[in-house]
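> just to be clear, the model below is a prediction. Sequence and coordinates:
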Amino acid sequence: MTLARQWILIDPLDTLFLKGSEPMVAGENHEVRSVFPPMPSTMRGAIRTAIIQPRGISLMDFTASEPTVVQNYPLLGTWDNPGFEVVGPLFQVQIGGGDTEWLIPAPAHWFAAVPQSTEDGQTVQVTVAERLPDSTGTLGICGSVRDPMWVLNPTDWDMRSLAGYWTNAVTMERVSTGSHSVNIHTSLEKITANEPFVVGLGALFGNEVRVGIALDAGTRRARTGHLYSATHVRLRPGVAMAVGFSEELIPTHLDTEGILQLGGEQRIVRYTLAKKPPLKGGTSAWVMSLSLVPFKALEKFGWDGFHRASGPLTRMGGWDMKMGFHKPMTAYLPAGTVIMVGQDIPLPQGFVRI
């Protein structure tokens, strides 16, 4: 298992504005959504800014890849090539009884009959989908993907993927040994320690719509009549984001605790050094991503032809402030994507064997 060397906990002081790829043009777009959990590039940008600003590093020197900056802060990297990767975010939450629990993405090849009601703590049977055996090739079975998977002997007729849900290490261990009963929670209050469960992302945060006015890029003055509404994210009480670093940034590049400017509107969050999450690598041929992964990375890893299960892709673009032009749109596989890579392949950063 390849896991980050160092982790921090992030506690926002207010809401977070994590804008998607929608333009904000007067007369065309007046509603802006937030992307949550934040993109890895957003987290990495906040970390790099926290390295640069307190240490008096000139942004001109940094964007020009001044050799002295790279020499003194090698893990900072250059503007186009960071010296570290980020993993996550995962979540550390306070559950019923005051205990602390780590949440990780539920693997996308877990299936269950998710109840329609909103009652908290209902029990479901989670079953792991499998690749179709080679012998079924003569049956002509096909689907929307080249190599469809199936749930053998499903326990219900309306089972669906748990992609987008979050779970804990206890559940990962138990379900990996076969079908297992788990509780589906809609909030954190009734979760108990060492309980096998999954929880929806909505239990971790709420949305708040804020109305603002656009600013002129050059003068930072308000634009007359250009109002917009933006969806902000507020973490629920007892919820903190956890971000891992592929390299040890603390204490050489970052302080043990401090503040970050995360997302749009320069929102302030506190961070503290944290212990590593209690993740134990499995022994199966399946690996799971803990972060959003660029789809093109599968070609780099040589995994593009392997069996895979995931939730919907996320497509992101943006504006390149250095180049003064649009960034190309990039498709990302969501956290919780599982890929059958075999048992002997070394894993890139941000993947765990399950």
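Thanks, I have it. These figures come from a predicted structure and were not determined experimentally.
> is the residue with the largest distance to the centre of the chain in a helix, a strand, or coil?
Among the C-alpha atoms of the chain, the one most distant from their mean position (Cα atoms, centre = their mean) is that of Thr138, at 39.0 Å. Put simply, Thr138 is helix when judged by DSSP: H, G, I helix; E, B strand; the rest coil.
> what's the spacing between it and Leu132?
Distance from Thr138 to Leu132, counting by Cβ to Cβ, to the nearest Å: 11 Å. Heads up, the C-betas are built off the backbone N, CA and C, glycines and all.
> remind me, longest strand of the protein?
strand 222-235 (DSSP state E).
> so which elements touch that one?
strand 6-12, strand 31-32, strand 205-215 (3 or more Cβ pairs under 8 Å, 6 or more residues apart in numbering; DSSP states H and E).
> quick one: the strands in the stretch 151-300 of the chain?
Per DSSP state E, counting those that start in this stretch, the stretch 151-300 of the chain carries strands over the ranges 160-161, 165-167, 180-185, 197-200, 205-215, 222-235, 239-245, 257-262, 267-274, 286-289, 293-294.
> out of the ones you listed, nearest to Lys19?
In terms of Cβ to Cβ, the element of the strands of the stretch 151-300 of the chain nearest to Lys19 is strand 222-235, at 7.4 Å.
> distance from the closest one to the middle of the chain?
Taking the mean of its C-alpha atoms, strand 222-235 sits 24 Å from the chain's own mean (Cα atoms, centre = their mean, to the nearest Å).
> next one: stretch 138-158
Counting by Cα atoms, centre = their mean, stretch 138-158 is centred 28 Å from the centre of its parent chain.
> same question, stretch 51-69
Centroid separation for stretch 51-69 versus its chain: 28 Å, with Cα atoms, centre = their mean.
> helices and strands of the protein: which one bottoms out on pLDDT?
Of all helical and strand segments in the chain, the minimum by mean pLDDT, DSSP states H and E falls on strand 31-32, at a mean of 66.
> the helix or strand just after that strand: which residues count as buried?
Scanning the chain past strand 31-32 towards its C-terminal end, the next helix or strand to appear is helix 40-52 (assignment: DSSP states H and E). Using 16 or more other Cβ atoms under 10 Å as the burial criterion, the residues of helix 40-52 that qualify are Pro40, Ser41, Thr42, Met43, Arg44, Gly45, Ala46, Ile47, Arg48, Ala50, Ile51, Ile52.
> could you dump helix 40-52 to CSV, C-alpha only?
Taking Å, rounded to 0.1, in the frame of the first residue of the first chain, the C-alpha atoms of helix 40-52 are listed here in CSV:
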residue,chain,number,x,y,z
PRO,A,40,-6.6,17.8,-5.3
SER,A,41,-5.3,20.7,-7.3
THR,A,42,-7.2,23.1,-5.1
MET,A,43,-5.8,21.6,-1.9
ARG,A,44,-2.3,21.6,-3.4
GLY,A,45,-2.6,25.2,-4.4
ALA,A,46,-3.6,26.2,-0.9
ILE,A,47,-0.7,24.3,0.6
ARG,A,48,1.8,25.9,-1.8
THR,A,49,0.4,29.4,-1.0
ALA,A,50,0.9,28.7,2.7
ILE,A,51,4.5,27.8,2.0
ILE,A,52,5.2,30.9,-0.2
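> helices or strands up against the very next helix or strand once past it?
Beyond helix 40-52 on the C-terminal side, the first helix or strand identified by DSSP H and E is helix 59-63. Where contact means 3+ Cβ pairs under 8 Å, 6+ apart, helix 59-63 is packed against helix 67-72.
> show residues contacting the helix it packs on.
Ile57, Asp61, Phe62, Leu76, Gly77, Thr78 (Cβ atoms under 8 Å, 6 or more residues apart in numbering).
> got the angle for the helix or strand following that helix vs strand 267-274?
Past helix 67-72, further along toward the C-terminus, the next helix or strand under DSSP H and E is strand 86-94. Put simply, strand 86-94 runs at 90 degrees to strand 267-274, going by axes from the mean of the first three to the mean of the last three Cα atoms, to 10 degrees.
> hang on, the earlier thing: ranking the contacts of helix 67-72 by neighbours, who comes first?
Note: the member of the contacts of helix 67-72 with the most neighbours is Leu76, at 21 neighbours, neighbours being other Cβ atoms under 10 Å.
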